[in-house]
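Enquirer: curious how this folds, go ahead:
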Amino acid sequence: MQRLELREIRERTYKSRDAWWTVLLVDPFAARLVRLVAPYRWITPNMLSFIAFVFGMGAAACFALQDRWWLVAGAALFHLSFVVDCMDGKIARLNDSGSMFGAWFDFIFDRIRVIVCTVALMGGQYARTGEVKFLWLATAVISLDLFRYLNSSQMAKIKRSMTRQLNEARGQEQVAPVETTSVTDEGEHEPAAADDRNHSPYIRMRNWLLRRRIRTHLFSGIEFEMTVFIIGPLIGFVFWTSIVAGVLLLAFEAALVGRLWQLTRRFQGELATALAEQPAGPHVVPQQRTPSDAGTGSDVRPEAMPTRV
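Expert: Next up is the predicted model:
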């Protein structure tokens, strides 16, 4: 079996923008493992998702044992679980073997892994110390993880809804993903610009990140999980690292919500302008959908489904 070059693996499987943890600590290993398993078509994305889940359950078992070195082993297994979990998306893109069921399978098993690992880690700490704060922390970690992914999915639906309405008003077909439209997050999908001393420090930092495929949303659900289940157990400060991770996650989510609010306000003006530019005569005025409409079943399309990591 002829193996693909590592360069080709990167070109065909790397996302144009990804979390810094994935870019720096996962992709270099995942790409090499993908190169090894890609020729074997019987190794499917769903199989890799299940293997990642098994490693995650192994991490949970280590967390439950409470001992210092078991925590370290659990952190290592959780990272390995995430590496394999990233492989499934790369294999799906490389072999064009992704599916809607696979996206659901991957998403659900990821959430189960987080719940079980949280119960094992915080439950083990409660059994060791008898401090009730770990039980409250378990509830907070699970809630924040679910909030992050539900919020992300809902915001994506609203952006798609705004894009469709603008295209309808302009008489255009929906041919481009939402990321290329005017109602997307500024800068997140722009090409990295060359360095310019006249740019602000923020713009220079953003361009530096984009040139390295790192998205400017620096603390997402991925970094939250890695801080709770890897950094905390490794350094032995499970409680406070989880607290810091939760605060950072909420801060960055608040920034995204603020940006969404700006986009929805700008959308109203763009929609009014598009309608005003329509030629005289009878034409269909697109019905504006509210955020709640964007989340109904009638608005769910294949692209609204969660994608593999």
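Enquirer: next structured bit after the helix or strand that contains Thr163?
Expert: Here Thr163 is covered by helix 133-170, with elements defined by DSSP states H and E. Per DSSP H and E, the first helix or strand lying C-terminal to helix 133-170 is helix 201-211.
Enquirer: now the host helix or strand of Ile108: buried residues?
Expert: Element membership for Ile108 (DSSP H and E) is helix 100-129. Across helix 100-129, burial judged by 16 or more other C-beta atoms under 10 Å covers 102-103, 105-107, 109-110, 113-126. C-beta here means a position set from N, CA and C on the backbone, and glycine is covered the same way.
Enquirer: what pLDDT does Ala92 get?
Expert: Note for Ala92: predicted pLDDT of 89.
Enquirer: can you check Ser153 too?
Expert: Ser153 carries a pLDDT value of 90.
Enquirer: now for it, how many residues are close by?
Expert: By the measure other C-beta atoms under 10 Å, the count of residues near Ser153 is 14.
Enquirer: ditto for the one 10 residues further on
Expert: By the measure other C-beta under 10 Å, the count of residues near Thr163 is 22.
Enquirer: measure it to Tyr149 for me?
Expert: In this view, Thr163 and Tyr149 are 21 Å apart by C-beta to C-beta, to the nearest Å.
Enquirer: using PDB, list the CA coordinates for stretch 205-224.
Expert: Output of stretch 205-224 as PDB, limited to C-alpha atoms (Å, rounded to 0.1, in the frame of the first residue of the first chain):
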ATOM      1  CA  MET A 205      -1.200  39.600  17.000                       C
ATOM      2  CA  ARG A 206      -4.300  38.400  15.100                       C
ATOM      3  CA  ASN A 207      -2.200  38.200  11.900                       C
ATOM      4  CA  TRP A 208       0.500  36.300  13.700                       C
ATOM      5  CA  LEU A 209      -2.100  33.800  14.900                       C
ATOM      6  CA  LEU A 210      -3.800  33.400  11.600                       C
ATOM      7  CA  ARG A 211      -0.500  32.700   9.700                       C
ATOM      8  CA  ARG A 212      -0.100  29.800  12.100                       C
ATOM      9  CA  ARG A 213      -3.700  28.500  11.500                       C
ATOM     10  CA  ILE A 214      -4.600  29.500  15.100                       C
ATOM     11  CA  ARG A 215      -8.100  31.100  15.500                       C
ATOM     12  CA  THR A 216      -8.400  34.200  17.500                       C
ATOM     13  CA  HIS A 217     -11.000  32.600  19.800                       C
ATOM     14  CA  LEU A 218      -8.200  31.500  22.100                       C
ATOM     15  CA  PHE A 219     -10.200  29.700  24.800                       C
ATOM     16  CA  SER A 220     -12.900  27.500  23.500                       C
ATOM     17  CA  GLY A 221     -14.400  24.200  24.600                       C
ATOM     18  CA  ILE A 222     -11.300  22.400  23.500                       C
ATOM     19  CA  GLU A 223      -9.000  24.500  25.800                       C
ATOM     20  CA  PHE A 224     -11.500  24.200  28.600                       C
END
